[in-house]
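# could you work out the structure for the sequence below:
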Amino acid sequence: MASGSGMMRAAKLAEAPTPFQAALRRVKSEAALATIGSLVKNVAMYPNEEKYRRVRLSNDKIRARIVVVEGALEVLEELGWKREEDNMVLPRNINATMVQFRQVEEAREKLVREQRRMAGTQRTTLSKEQQRLREQLEADRKERMAESPVTRPSIAKPLEGGPKITTAGDLGLNKNCCN
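Modelled structure (predicted):
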């Protein structure tokens, strides 16, 4: 039984990912996901524009961001894009939706968070290594100090004829300040 109302809460079960969502998870390139997002958004916003329904795979940016990235072409294929010679084409009877665009954006944001988390873990590891090196330097310094001190303590030596100190009074300054 749940809180004061006496009603039971239903546990939300995780739904199995769709083939599209599973394909999105396999892409490990932020640039690829951003490019796929742009393609999906353009088709969703301008479904009758043919220029947004055809992508030339030999284009340098498309090749670098989609063709050579593992899983990126599979995402487009899950969305209904078909390969025709050197192009990926979205047939007229298939439209992209803003829901699909949002799913691509969520996958991209999740990847960015994961990459930042991994970068933070690497910084922590580096910090541990730096700490180990600092501890070793300190141990080496103590070892050298135990062998023989680098400096000797100062020893006071008496001056001949007493101290030679000139005061303000000797110069005639501030004689009447405190009387």
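
# okay, which residue is most central for this protein?
residue 116 (2.6 Å; C-alpha atoms, centre = their mean).

# give me the secondary structure label for it.
helix (DSSP: H, G, I helix; E, B strand; the rest coil).

# now it: how far from residue 42?
28 Å (C-beta to C-beta, to the nearest Å). For glycine as for every other residue, the C-beta is placed from the backbone atoms N, C-alpha and C.

# before we move on, what about residue 93?
18 Å.

# of those two, which one has the most company?
Between residue 93 and residue 42, counting by other C-beta atoms under 10 Å, residue 42 is the more crowded of the two (16 against 6).

# and that one, how far from residue 105?
14 Å.

# likewise residue 71?
Distance from residue 71 to residue 105, by C-beta to C-beta: 17 Å.

# all strands of the protein, in order?
54-56, 82-84, 87-89 (DSSP state E).

# I'd like to know which of those strands is closest to residue 120.
strand 54-56 (35.2 Å; C-beta to C-beta).

# poorly predicted segments of this structure, please.
1-14, 122-126, 148-152, 162-163, 175-179 (pLDDT under 70).

# rerun that using 50 as the cut-off
1-7 (pLDDT under 50).

# all helices of it, in order?
19-26, 30-45, 60-62, 72-78, 98-147 (DSSP state H).

# show me which positions of the second one end up buried.
Neighbour-count burial for helix 30-45, counted by 16 or more other C-beta atoms under 10 Å, picks out 32, 33, 35, 36, 37, 39, 40, 41, 42, 43, 44.

# residue 22: neighbour count?
14.

# please apply the same query to residue 165.
Residue 165 has 6 neighbouring residues, counting by other C-beta under 10 Å.

# can you tell me how far it sits from residue 171?
12 Å.

# overlap of the contact sets of those two?
Shared contacts of residue 165 and residue 171, defined by C-beta atoms under 8 Å, 6 or more residues apart in numbering, are absent.

# tell me the contacts of residue 111?
27, 28, 29, 30, 33.

# actually residue 139, sorry about that
Per C-beta under 8 Å, 6+ apart, neighbours of residue 139: none.

# from residue 128, how far out is it?
From residue 139 to residue 128 the distance is 17 Å (C-beta to C-beta).

# again, but for residue 34
Counting by C-beta to C-beta, the gap from residue 34 to residue 128 is 34 Å.

# can I assume residue 34 is in contact with residue 108?
Yes. Using C-beta atoms under 8 Å, residue 34 is in contact with residue 108, at 6.0 Å.

# circling back: any chance of the contacts of residue 111 in a markdown table with distance to residue 89 as columns?
Listed next are these as a markdown table, based on distance: C-beta to C-beta, whole Å:
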| residue | distance to residue 89 |
| --- | --- |
| 27 | 20 |
| 28 | 26 |
| 29 | 22 |
| 30 | 25 |
| 33 | 21 |
